[in-house]
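Participant: Got a sequence here, can you model it:
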Amino acid sequence: MADGPTYRRIADHLREEIRAGKWQPGDRLPSHAELAEQMQVSLTTARNAIQVLVTENLVYTATSRGTIIRSREVLESVVTDHIRPDRPRAAHDIFEEIARAAGRVPTKEFSARMEPADGRVAQWLGIPVDSWVVARTVVQYLDNEPWSWEVSFYPRELAEATGLDSPHDIPEGTTRRLADRGQGETAHRDSLVARPANAEEAAVLGVAMGTVLLDHLRIGANHERVTRVTRHRSIAASNRLAYELGDSAGTAVIRGVLDQTDRSEIWF
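Facilitator: This is a model prediction of the structure:
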């Protein structure tokens, strides 16, 4: 190993092994204790070496599984797909559609709660502060790897009228549920910002604090009201967002060209 602090030399060694293919996405690295024994170093040195790889987004930590090699694949999400008029009916939501199209295995952790709207949520939904809203939270995984964290807020009476106050995940997705219950969304406003992860986001997504995230805020509405606001956070280095605008014939031409192209090569 090259010169430098011991923990960095160990990190350099592990990084080279990852790049050489000794460790594949989904593989578990030796535990801190195992690594310390193998390298004849202290537990603190081993832990610091692993933290270097976490900071570089090469690995993530899972409580029950240890330190896992991350996929280096970039997932492209066409964020307008969920409102395509020709989108086929299916018993799963847009995240599962995107994941399965990429050959990945999607899973989720879901929770729902009723809570008073804080100032930001109230402003987004156009309701008074402290009005009751239903918050639906999903942590999404690809091949067991933390991928994104999504929280959606709905006005209480709308959630109750459409069944979005359910304590369970809705397999077909909330966009379809709203449409099926007569509250289909007809307009959206998206805001995107790239920014460093805070401590809570780092813990949920298995990254180091400061890792650059894509923070995607979507406000949906119909002709009468704002129906929901969704905040979706994902790791910038692992995700690419695309929008398809215009008629179906034109977008089909674009898709036909891109389907014959390695999309990783079309970015400057």
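Participant: The stretch 151-268 of the chain: strands as residue ranges?
Facilitator: Taking DSSP state E, counting those that start in this stretch as the criterion, the stretch 151-268 of the chain contains strands spanning 187-196, 212-221, 226-235, 239-242.
Participant: so of these, which one's packed in deepest?
Facilitator: Mean neighbour count (mean count of other C-beta atoms under 10 Å) peaks for strand 226-235 among these, with a mean of 22. The way it works is simple: take the backbone N, C-alpha and C, and place the C-beta from them, glycine included.
Participant: quick one on the thing from earlier: show me the one of the strands of the stretch 151-268 of the chain that comes nearest Pro30.
Facilitator: Comparison of the strands of the stretch 151-268 of the chain against Pro30 by C-beta to C-beta identifies strand 226-235 as nearest, at 24.0 Å.
Participant: Quick check: which helices or strands does that closest one pack against?
Facilitator: helix 119-125, strand 145-155, helix 174-180, helix 199-205, strand 212-221 (3 or more C-beta pairs under 8 Å, 6 or more residues apart in numbering; DSSP states H and E).
Participant: Would you single out the least confident of the ones you listed?
Facilitator: Within the helices and strands packed on strand 226-235, the stretch with the lowest mean pLDDT is helix 174-180, showing a mean of 91.
Participant: Can you name the residues that contact the nearest residue to Ala159 once chain neighbours are set aside?
Facilitator: The spatially closest residue to Ala159, leaving aside those adjacent along the chain, is Val134, at 3.8 Å (C-beta to C-beta, 6 or more residues apart in numbering). For Val134, the contact set (C-beta atoms under 8 Å, 6 or more residues apart in numbering) comprises Ala112, Arg113, Met114, Phe153, Tyr154, Pro155, Arg156, Ala159, Leu164, Asp165.
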